[in-house]
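Asks: sequence first, then the predicted structure:
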Amino acid sequence: MVDELKTSIAKGFSFVEFNYFNERQAYQGSLDDGRWWDTILISLSLLESGADKERLIPVVDKMIAEGVQPNGGIAYGYDFEYAPDADDTGLLLLVLAHFGDRYSKQISKSSEWLKTMQNPDGGFPAFDTNKMENNYIMKIAMDLAGISNSAEIFDPSSPDVTTHILKLDQLAELHKFLVY
């Protein structure tokens, strides 16, 4: 079991290094470039499995330098830079929490942005707050056009996004930044 874990961790680092330090033009594992989301998930998995967090510092620094926007949010990937994502930002905060005070300024900034994303119903959308399907005429028109499920039009609170963000509240390092 220990050998399998070591092999998995080595493969995770290899993936991150290949995609982010070889300056690849695009991630080729999906139709769009979700490199920030993928990197956050891999980083979080490695950290939670006991990987040496010092080895992830260059990856985290690159995400902050190139992926985090001035408002503190991080988008899904390069193709979505116009829309920082609450889910991605929430999980990035979970990654940053593993490093103690090293990223406290970024934690504060990203947490402040994340608080602005909460919908009136208490939940969190993916990337556009207060678009909760309230406009029934627009909803009918979008149904007729066949695009009523587009998050570009309606971005209601999502249970999985909200759960990821509520998980942040369990972390003592982040609790002081998040106020619901």
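Replies: Structure's in. What do you need? Numbering: from 1, shown residues only.

Asks: confirm that residue 72 sits in a helix.
Replies: No: read with DSSP: H, G, I helix; E, B strand; the rest coil, residue 72 is coil and lies in no helix.

Asks: what distance do you get for it to residue 9?
Replies: 29 Å (CB to CB, to the nearest Å). For the C-beta atoms, the positions are set from N, CA and C on the backbone; glycine is no exception.

Asks: tell me which of those two has more neighbours.
Replies: Per other CB atoms under 10 Å, whichever of residue 72 and residue 9 has more neighbours is residue 72, with 21 against 17.

Asks: doesn't residue 38 make contact with residue 88?
Replies: No: at 10.1 Å, residue 88 and residue 38 do not qualify as touching, with contact defined as CB atoms under 8 Å.

Asks: low pLDDT regions in this protein?
Replies: Applying pLDDT under 70 to the chain flags residues 15-33, 79, 131-139, 142, 147-154, 170-180.

Asks: what's the helix or strand for the residue nearest in space to the middle of it?
Replies: Nearest to the mean C-alpha position of the chain, counting by CA atoms, centre = their mean, stands residue 88 at 0.9 Å. If you go by DSSP states H and E, residue 88 is part of helix 86-97.
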